[in-house]
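Engineer: My questions are about this predicted structure, shown below with the sequence.
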There are 2 protein chains.
Amino acid sequence: MNRPPLRLAVLLSGSGTTLQNLIDHITAGTLSASIILVISSRPDAYGLVRAKRHGLETISVPRKASHDTRAYSDEINRTLDCFAPDLIALAGFLHVFHYAPHYWGRVMNIHPSLIPAFCGKGFYGPRVHQAALAYGVKVSGCTVHFVDEEYDHGPIILQRVVPVLGHDTPASLAERVAIEERQAYPEAIQLFAEGRLQIQGRWVKILETTPSLISPPGGELGKER
Amino acid sequence: MNRPPLRLAVLLSGSGTTLQNLIDHITAGTLSASIILVISSRPDAYGLVRAKRHGLETISVPRKASHDTRAYSDEINRTLDCFAPDLIALAGFLHVFHYAPHYWGRVMNIHPSLIPAFCGKGFYGPRVHQAALAYGVKVSGCTVHFVDEEYDHGPIILQRVVPVLGHDTPASLAERVAIEERQAYPEAIQLFAEGRLQIQGRWVKILETTPSLISPPGGELGKER
């Protein structure tokens, strides 16, 4: 009756702190996933070093080698298809990529604000927290969402909230939000692994219990996704 | 050493539930304010009935009697000036009004979302919660802010958060947010009454303790506002 661990592909461009967090949760037994592939858009990303250190399969798909987004997307999709992941987790992946239609509802990302605030094109890294502080909000947080064709726009899975304090800098706010990110992303992936996420338009329903692995007559396992 | 109660003017257009909440907090001793004036933009607003029932001074300043926003603003400002309020609380006031410059930092409003999400022109009443549900956010809340020249845009004083649930309707979400609104608005006004709010650009600093009523040599009471 046990599900096999989720086959997870991780896409990154940088130091791989999000990857490391997922590895840590898998090691701790709080995330039932197996990272089958790490793709980096940069051959020199430190995230690749971390991945190899943990014995993970790594592939570098340099953005520079493709002359446009379409060609790059094709390259990424071809690579993914070879490994047949159940879920693709963006983990600090800095380039636009259009996933193949069969990955709809199976690509996740995390953003360090309460979407729809402080998100979209140009809002990444410290700029998100600079914008939140410049606006003067009293709460911020993070958002895990499914990826669609717009920046930071797909159906929202989880949001976690932090206070913004009077002495905050972008760095101190980023650190407070990062603590929530480290909980939220593995939690969302685990819910997916348990088959407990259903996309209903823009609403992501979180099922109270894991659906049975026994398919109903005529039914198809995981069809509700 | 006791401060005199805050002289509060309340502006409304409708049933006055926000006014009633402020009256209840004053009666309960959790808000050190005296409502010196209730202005309604509609002569038949039920908020006026509530106000009179509690022996409050009421004035109807019908929007229809002024032919443009400028004229209406002048009318409201003249009325306010006669009563010299310390603070003006918008409480379901549905018309645009430009307060006189000497009221800068002394006009508050509350909005039933986490600004900057689901706010601005067209976002009022049930529409705010409809928009939040249509977007699929997992958290919403309310925001108390100082009023500036743009809709729902001035410096933010307090924000309180609620979860959005799978079975929510605009009405059920509105009710959950309203519970927080009933706490947040009197809390913000009380902080103002205690002299604990300082506007620093778009950031509203909340002082830990009430400033002394004894002015420093050469100082002016409340000058920091």
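Structural biologist: Perfect, I can see it now. Residues are numbered from 1 along each chain as shown, chains lettered A, B, ... in the order given.

Engineer: in chain A, which spans are strands?
Structural biologist: A:6-12, A:33-40, A:58-60, A:87-90, A:107-111, A:139-146, A:156-163, A:197-200, A:203-206 (DSSP state E).

Engineer: and the ones you listed as CSV, adding mean pLDDT, mean neighbour count and distance to B:Q198?
Structural biologist: All C-beta atoms are positioned from the backbone trio N, CA, C, and that covers glycine. Compiled in CSV, the strands of chain A are given as follows (pLDDT from 0 to 100; neighbours: other Cβ atoms under 10 Å in any protein chain shown; distance: least, Cβ to Cβ, whole Å):
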stretch, mean pLDDT, mean neighbour count, distance to B:Q198
strand A:6-12, 98, 24, 42
strand A:33-40, 98, 22, 47
strand A:58-60, 98, 16, 52
strand A:87-90, 98, 23, 40
strand A:107-111, 97, 23, 31
strand A:139-146, 98, 25, 19
strand A:156-163, 98, 20, 18
strand A:197-200, 97, 16, 44
strand A:203-206, 97, 18, 40
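
Engineer: I'd like the ones you listed laid out as TSV, including distance to A:P101.
Structural biologist: Below are these laid out as TSV (distance: least, Cβ to Cβ, whole Å):
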stretch	distance to A:P101
strand A:6-12	17
strand A:33-40	19
strand A:58-60	22
strand A:87-90	13
strand A:107-111	11
strand A:139-146	14
strand A:156-163	20
strand A:197-200	14
strand A:203-206	19
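
Engineer: so which of the ones you listed comes closest to B:R106?
Structural biologist: B:R106 lies closest, by Cβ to Cβ, to one member of the strands of chain A: strand A:139-146, at 24.4 Å.

Engineer: Remind me what that closest one packs against, helices and strands.
Structural biologist: Packing contacts for strand A:139-146, counted by 3 or more Cβ pairs under 8 Å, 6 or more residues apart in numbering or on different chains; DSSP states H and E, involve strand A:107-111, strand A:156-163, helix A:170-193.

Engineer: Identify whichever of those lies nearest to B:H54.
Structural biologist: Of all the helices and strands packed on strand A:139-146, strand A:156-163 comes closest under Cβ to Cβ, at 35.3 Å.

Engineer: about what we covered before: looking at the helices and strands packed on strand A:139-146, which is closest to A:L19?
Structural biologist: Evaluated over the helices and strands packed on strand A:139-146, closeness to A:L19 peaks at helix A:170-193, with 10.4 Å, by Cβ to Cβ.

Engineer: Now that closest one: average pLDDT?
Structural biologist: For helix A:170-193, mean pLDDT is 98.

Engineer: Residues contacting that helix, please?
Structural biologist: For helix A:170-193, the surrounding residues in contact (Cβ atoms under 8 Å, 6 or more residues apart in numbering or on different chains) are A:3, A:5-6, A:8, A:18, A:21-22, A:25, A:30-33, A:86-87, A:89, A:108, A:110, A:112-113, A:126, A:129-130, A:132-133, A:140-142, A:144, A:157-165, A:168, A:197, A:206.

Engineer: What residues does the most centrally placed residue in chain A make contact with?
Structural biologist: Note on chain A: the residue nearest the mean C-alpha position is A:N109, at 3.0 Å, using Cα atoms, centre = their mean. The neighbourhood of A:N109, defined by Cβ under 8 Å, 6+ apart, consists of A:A89, A:L90, A:F93, A:V144, A:H145, A:V147, A:D152, A:G154.

Engineer: who's it bridged to?
Structural biologist: Here A:N109 shows beta-bridge partners A:H145, assigned using DSSP bridges.

Engineer: Distance of it relative to B:T27?
Structural biologist: Applying Cβ to Cβ, to the nearest Å, the value for A:N109 to B:T27 is 50 Å.

Engineer: From A:S13, how far off is A:T79?
Structural biologist: Spatial separation of A:T79 from A:S13 under the definition Cβ to Cβ is 15 Å.

Engineer: Looking at these two, which has the bigger crowd around it?
Structural biologist: Just comparing A:T79 and A:S13: by other Cβ atoms under 10 Å in any protein chain shown the higher neighbour count belongs to A:S13, 18 against 15.

Engineer: my guess is the more buried one meets A:P43, correct?
Structural biologist: No. Counting by Cβ atoms under 8 Å, A:P43 is not a contact partner of A:S13; they are 10.8 Å apart.

Engineer: Contact partners for A:E150?
Structural biologist: Contact partners of A:E150, counting by Cβ under 8 Å, 6+ apart, are A:G120.

Engineer: where does it fall, phi/psi-wise?
Structural biologist: phi -110, psi 150 (degrees, to the nearest 10).

Engineer: what pLDDT does it get?
Structural biologist: Per the predicted model, pLDDT is 89 at A:E150.

Engineer: For it, give its distance to A:P170.
Structural biologist: Look at A:E150 and A:P170: by Cβ to Cβ, they are 25 Å apart.

Engineer: Repeat that for A:I189.
Structural biologist: Look at A:I189 and A:P170: by Cβ to Cβ, they are 27 Å apart.

Engineer: These two: who's more crowded?
Structural biologist: Regarding A:I189 and A:P170, a neighbour count based on other Cβ under 10 Å identifies A:I189 as having more, with 24 against 17.

Engineer: do you know how far that one is from chain B?
Structural biologist: As defined by Cβ to the nearest Cβ, to the nearest Å, A:I189 lies at a distance of 16 Å from chain B.

Engineer: what do you get for A:G122?
Structural biologist: From A:G122 over to chain B (counting by Cβ to the nearest Cβ), the distance is 15 Å.

Engineer: near chain B, which residues of chain A?
Structural biologist: When proximity is defined as Cβ under 8 Å from any Cβ of the partner chain, chain A approaches chain B at A:114-118, A:133-139, A:141, A:143, A:155-159, A:161, A:166, A:201-206.

Engineer: domain parsing for chain A?
Structural biologist: Domain assignment of chain A by automatic domain parsing yields the ranges A:1-104, A:110-145+A:154-225.

Engineer: neighbours around the nearest residue to A:V177 once chain neighbours are set aside, how many?
Structural biologist: Once flanking residues are discounted, A:V177 sits nearest to A:P112: 4.8 Å by Cβ to Cβ, 6 or more residues apart in numbering or on different chains. When counting by other Cβ under 10 Å, one arrives at 26 neighbours for A:P112.

Engineer: Help me confirm that A:P112 comes into contact with A:C142.
Structural biologist: Yes. Using Cβ under 8 Å, A:P112 makes contact with A:C142 at a distance of 5.2 Å.

Engineer: Just the CA trace of stretch A:56-76, in PDB.
Structural biologist: What follows is stretch A:56-76 as a C-alpha-only set of coordinates in PDB (Å, rounded to 0.1, in the frame of the first residue of the first chain):
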ATOM      1  CA  LEU A  56      22.700  12.900  -7.200                       C
ATOM      2  CA  GLU A  57      22.500  12.800 -11.000                       C
ATOM      3  CA  THR A  58      23.400  16.200 -12.400                       C
ATOM      4  CA  ILE A  59      23.000  17.700 -15.900                       C
ATOM      5  CA  SER A  60      24.200  21.200 -16.900                       C
ATOM      6  CA  VAL A  61      21.900  22.700 -19.600                       C
ATOM      7  CA  PRO A  62      23.600  26.100 -20.200                       C
ATOM      8  CA  ARG A  63      21.200  28.900 -21.200                       C
ATOM      9  CA  LYS A  64      23.900  30.400 -23.400                       C
ATOM     10  CA  ALA A  65      23.900  27.400 -25.700                       C
ATOM     11  CA  SER A  66      20.300  28.100 -26.800                       C
ATOM     12  CA  HIS A  67      19.600  31.200 -28.900                       C
ATOM     13  CA  ASP A  68      16.100  31.800 -27.600                       C
ATOM     14  CA  THR A  69      13.600  30.800 -24.900                       C
ATOM     15  CA  ARG A  70      11.800  28.300 -27.200                       C
ATOM     16  CA  ALA A  71      15.000  26.400 -28.000                       C
ATOM     17  CA  TYR A  72      16.100  26.500 -24.400                       C
ATOM     18  CA  SER A  73      12.700  25.200 -23.300                       C
ATOM     19  CA  ASP A  74      12.900  22.300 -25.800                       C
ATOM     20  CA  GLU A  75      16.300  21.400 -24.500                       C
ATOM     21  CA  ILE A  76      15.100  21.400 -20.800                       C
END
